[in-house]
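1. pasted the sequence and its predicted model underneath.
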Amino acid sequence: MSTSADAIRLSLSVSPELNRRLEELAALGHSTKSEVLRKAIALFDLAATAKSENKRIGILDQSKQLETEIIGL
């Protein structure tokens, strides 16, 4: 993990709707918009790795039945 001294600052333009959603997700997770974006990138990385290994990603219900398959990532 990089330290703040190693951090690279990025500038990102988003729509007002996406900004509102980022703010909602950050509040929901008691986090920041930057942390939401970092987690989103980590999730996308996981999906890309799974796809390269011919695996699939899904959401399971409490009884471990596939509820939703995530496609198109």
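-> Arrived safely, thanks for sending.

2. which helix or strand contains T68?
-> Per DSSP states H and E, T68 falls inside strand 66-70.

3. just how off-centre is that strand within its chain?
-> Offset of strand 66-70 from its chain centre (C-alpha atoms, centre = their mean, to the nearest Å): 17 Å.

4. just the helices in this structure please.
-> Using DSSP state H, the helices of the chain run over 16-28, 33-52.

5. quick check, central residue of the chain?
-> The residue lying closest to the centre of the chain (C-alpha atoms, centre = their mean) is A40, at 1.6 Å.

6. any weak-confidence spans in the chain?
-> 1-3 (pLDDT under 70).

7. so what's the residue of the chain most remote from its centre up against?
-> Here the centre of the chain is the reference, and by C-alpha atoms, centre = their mean the most remote residue is S63, at 24.4 Å. By C-beta atoms under 8 Å, 6 or more residues apart in numbering, S63 lies in contact with nothing. Using the backbone N, CA and C atoms, a C-beta is placed for each residue, glycine as well.

8. how close does it get to S31?
-> As judged by C-beta to C-beta, to the nearest Å, S63 and S31 stand 30 Å apart.

9. same check, this time on S4
-> According to C-beta to C-beta, S4 and S31 sit 17 Å apart.

10. between these two, which is the more surrounded one?
-> Taking other C-beta atoms under 10 Å, S4 and S31 do not tie; S31 has more neighbours (13 against 5).

11. report the contact partners of the more buried one.
-> L25.
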